[in-house]
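1. let me see the structure of the following:
(chains A, B, C and D)
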2 protein chains.
Amino acid sequence: MMSQATTVSVAPDTRTRILDLAENLLLERGYNAFSYQHIARELGVKPAAIHYHFPSKDDLGTAVVARQLRRLRKWRDLPRVADLPPTEQLEAIFKVYDSHVRQERRVCLFGALAADFLTLPTPMQAELRTFNGELTAWLAQVLAVGKATGALRFMGSPSAKAVQVLTTLAGALQVARVHDETHFHTIVGQLRLELLV
Amino acid sequence: MMSQATTVSVAPDTRTRILDLAENLLLERGYNAFSYQHIARELGVKPAAIHYHFPSKDDLGTAVVARQLRRLRKWRDLPRVADLPPTEQLEAIFKVYDSHVRQERRVCLFGALAADFLTLPTPMQAELRTFNGELTAWLAQVLAVGKATGALRFMGSPSAKAVQVLTTLAGALQVARVHDETHFHTIVGQLRLELLV
DNA sequence: AAGCTTACTTATTAGTTAGTAAGTAGTATC
DNA sequence: GATACTACTTACTAACTAATAAGTAAGCTT
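-> From the prediction side, this is the model:
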């Protein structure tokens, strides 16, 4: 989800490259439409090699979500994000979703897995719940401060509004995939219009 | 999607029963997690029998979406829906989504297929686009009239707001699946709070 | 130099997938 | 009463699926 820090990127090891490819396939085609063969072929390696790093597909899928959760926490706690005023924190999260649209209309992690949720391995379901829960809690806090300082406006409780806004953003990426990017920008435009004072 | 009319329900023929089962599997597990075997087993019939009615999975998937589109048009043009004032038309569409949550947290057609969209057969993609386009156009009209008569309030254009509201509703069903129904009701509560004067 | 570890390949299994071809029992039509 | 149609079943194919076991080449450790 969040962009990696601006460290010098050393050539990633195989394990990381598998995770990257799995993540791509997950966000582009869904959990049930990617196989070890897809990853192996793209990596120039045999499918059994993937099993060496991730014994089962459950392990791999769960690892992808767990990594996204670690990234979310890191991003959220970054001084350049945590110390921002609420309006800019809101813009920061919009920007994250916007980068998804520009990357070949990738949906977000939540949007990619929600439809197939009942077919996912239990640990993967749990990680996804945690991921969405923490993201929602973060935005609720942003909205609460924003309302208190008069920078943001909305009806209802901050946490209710946070659930609504994130759900809308997840859906907006899906609409962008089915139709085109303009729908995404229309929706984010609406959110700005309504939230920013 | 929409509930069937209150006609006396004759025992449905095999073709219809296949469509019903396929629709259920689609909305509960996604396009790539259901097979002819699943349908055949539940129907007490051999997989090849399904191929007799729908030669390929593409045909079956497309037929499911096409049927939903026909249902949408029928529902929308029903006097008891078309002649309603805007606020009640809005409540009517909320009710449709609410019935999904109560049916074992089924997501809507759009929410079920958006994530896997790139793996869907082309005719199925086209049907889904039409479905979403017509539903959005209908809601835009509802919102426009509602605003003109002072019964509804919102910022931005009716069509932009329609895209946003439907996207939110689709996402709300997904959130209900991943977490629980309360999230769905929270979101619909927000929409009511904001839209109804 | 011996032994261990890492990161694979080769080979194989058991199950599932969509799809096809040929056959058949029951029903309707002429 | 022969013919044809409907709605299947049986039997099969070719491909793909996740997963396992056994082997191997290279490098590191002592």
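2. quick one: buried residues of the helix or strand hosting residue A:126?
-> Assigned by DSSP states H and E, residue A:126 belongs to helix A:122-148. By 16 or more other C-beta atoms under 10 Å in any protein chain shown, the buried positions in helix A:122-148 come out as A:124-125, A:127-128, A:131-132, A:135-136, A:138-144, A:146-147. (C-beta placed from N, C-alpha, C; glycine too.)
3. among the residues you listed, which are in reach of chain B?
-> When C-beta under 8 Å from any C-beta of the partner chain is applied, the members of the buried residues of helix A:122-148 adjacent to chain B are A:125, A:128, A:132.
4. look up the closest residue to the last one, ignoring the ones flanking it.
-> Taking C-beta to C-beta, 6 or more residues apart in numbering or on different chains as the measure, residue A:132 lies nearest to residue A:110, with 5.4 Å between them; neighbours along the chain are not counted.
5. tell me how many other residues crowd the one you found.
-> Neighbourhood size, residue A:110 [other C-beta atoms under 10 Å in any protein chain shown]: 27.
6. isn't it right up against residue A:128?
-> Yes - using C-beta atoms under 8 Å, residue A:110 is in contact with residue A:128, at 6.9 Å.
7. which residues are common contacts for the two?
-> Common contacts of residue A:110 and residue A:128, defined by C-beta atoms under 8 Å, 6 or more residues apart in numbering or on different chains, comprise residue B:178.
8. circling back: of the ones next to chain B among the buried residues of helix A:122-148, list those near DNA strand D.
-> For DNA strand D, no contacts are drawn from these by C-beta under 7 Å from any atom of the strand.
9. ok, so of those residues, who is nearest DNA strand C?
-> Nearest to DNA strand C, judged by C-beta to the nearest atom of the strand, of these is residue A:125 at 20.2 Å.
10. you'd agree residue A:104 is up against residue A:28?
-> Yes - between residue A:104 and residue A:28 there is a contact under C-beta under 8 Å: 6.9 Å.
11. out of those two, which sits in the more crowded spot?
-> Neighbours were counted for residue A:104 and for residue A:28 using other C-beta under 10 Å; residue A:28 has more, 21 against 11.
12. which residues touch that one?
-> A:104, A:106, B:118.
13. ok, these vs DNA strand D, which is closest?
-> Distances from DNA strand D to those, taken by C-beta to the nearest atom of the strand, are shortest for residue B:118, at 14.8 Å.
14. and residue A:182, how many neighbours does it have?
-> So residue A:182, with other C-beta under 10 Å, has 12 neighbours.
15. what does residue A:52 give?
-> 12.
16. cool, the one 4 residues further on as well?
-> Using other C-beta under 10 Å, residue A:56 has 11 other residues around it.
17. ok, now residue A:177?
-> Neighbour number of residue A:177 under other C-beta under 10 Å is 24.
18. show the pLDDT at residue A:45.
-> pLDDT recorded at residue A:45 is 94.
19. from residue A:16, how far off is it?
-> Note on residue A:45: its distance to residue A:16, by C-beta to C-beta, to the nearest Å, is 14 Å.
20. which one's more surrounded, those two?
-> residue A:45 (16 against 13).
21. let me know the secondary structure of that one.
-> coil (DSSP: H, G, I helix; E, B strand; the rest coil).
22. show me what contacts the residue lying closest to it once chain neighbours are set aside?
-> Leaving aside its sequence neighbours, residue A:45 sits nearest to residue A:14 (C-beta to C-beta, 6+ apart; 7.6 Å). Residue A:14 makes contacts with A:43, A:45, A:49, A:53, as judged by C-beta under 8 Å, 6+ apart.
23. contacting residues around the first one?
-> Which is residue A:43. A:14, A:17, A:18, A:21, A:49, A:50.
24. and the third one, by the same measure?
-> When contacts are counted by C-beta under 8 Å, 6+ apart, residue A:49 is found next to A:14, A:40, A:43.
25. out of the residues you listed, which comes closest to DNA strand C?
-> Using C-beta to the nearest atom of the strand, the contacts of residue A:49 come closest to DNA strand C at residue A:14, 3.3 Å.
26. roughly how far apart are that closest one and residue A:20?
-> Taken as C-beta to C-beta, the span from residue A:14 to residue A:20 is 10 Å.
27. now the strands for chain A?
-> Ranges of strands within chain A: none, based on DSSP state E.
28. quick one: low-confidence ranges for it?
-> A:1-11 (pLDDT under 70).
29. what does it have sitting close to DNA strand C?
-> A:13, A:14, A:45, A:46, A:48, A:49, A:52, A:53.
30. of the residues you listed, closest to residue B:35?
-> residue A:48 (25.6 Å; C-beta to C-beta).
31. do stretch A:89-103 and chain B meet?
-> No - against chain B, stretch A:89-103 shows no contacts by C-beta under 8 Å from any C-beta, the least distance being 12.4 Å.
32. send the alpha carbons of that stretch over as PDB?
-> The C-alpha trace of stretch A:89-103 is given here as PDB (Å, rounded to 0.1, in the frame of the first residue of the first chain):
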ATOM      1  CA  GLN A  89      -3.200  13.900   6.600                       C
ATOM      2  CA  LEU A  90      -6.500  13.500   4.700                       C
ATOM      3  CA  GLU A  91      -4.800  14.600   1.500                       C
ATOM      4  CA  ALA A  92      -2.000  12.200   2.300                       C
ATOM      5  CA  ILE A  93      -4.400   9.200   2.400                       C
ATOM      6  CA  PHE A  94      -6.100  10.400  -0.700                       C
ATOM      7  CA  LYS A  95      -2.700  10.500  -2.400                       C
ATOM      8  CA  VAL A  96      -2.100   6.800  -1.400                       C
ATOM      9  CA  TYR A  97      -5.300   5.800  -3.100                       C
ATOM     10  CA  ASP A  98      -4.500   8.000  -6.100                       C
ATOM     11  CA  SER A  99      -1.200   6.200  -6.600                       C
ATOM     12  CA  HIS A 100      -3.200   2.900  -6.800                       C
ATOM     13  CA  VAL A 101      -5.300   4.200  -9.600                       C
ATOM     14  CA  ARG A 102      -2.200   5.300 -11.500                       C
ATOM     15  CA  GLN A 103      -0.600   1.900 -11.100                       C
END
